[in-house]
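>>> What follows is a protein structure lacking sequence information:
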């Protein structure tokens, strides 16, 4: 496991813990949600996904501000 995977694992753990604390995830369905959250975090930090989406969102927001 490389450094990026370890960091993604730590972030995913912290997110899941917060969701459990606020009642969005229960210990009973932890495994189902953890793998999805870990996959999203790892994909985002490694640049495999989300880069194009993030650029599109930034453009949309900046265009909205120009019109105001």
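Arrived safely. Predicted, not measured: the structure shown is a model, and the values here were computed from it.
>>> Low-confidence stretches in the protein?
The model of the chain has pLDDT under 70 over residues 49-68.
>>> max-length helix in the protein?
Using DSSP state H, we find that the single longest helix of the chain is helix 3-22.
>>> counting contacts, what elements does the helix or strand that that one is followed by pack onto?
Going down the chain from helix 3-22, the next helix or strand is helix 30-45, by DSSP states H and E. If contacts are counted by 3 or more Cβ pairs under 8 Å, 6 or more residues apart in numbering; DSSP states H and E, helix 30-45 sits against helix 3-22. All C-beta spots, glycine's among them, are computed from the backbone N, C-alpha and C.
>>> check contacts around the spatially most central residue of the chain.
Centroid-nearest residue in the chain, with Cα atoms, centre = their mean: residue 41, separated by 4.2 Å. Residue 41 makes contact with 8, 11-12, 15, according to Cβ atoms under 8 Å, 6 or more residues apart in numbering.
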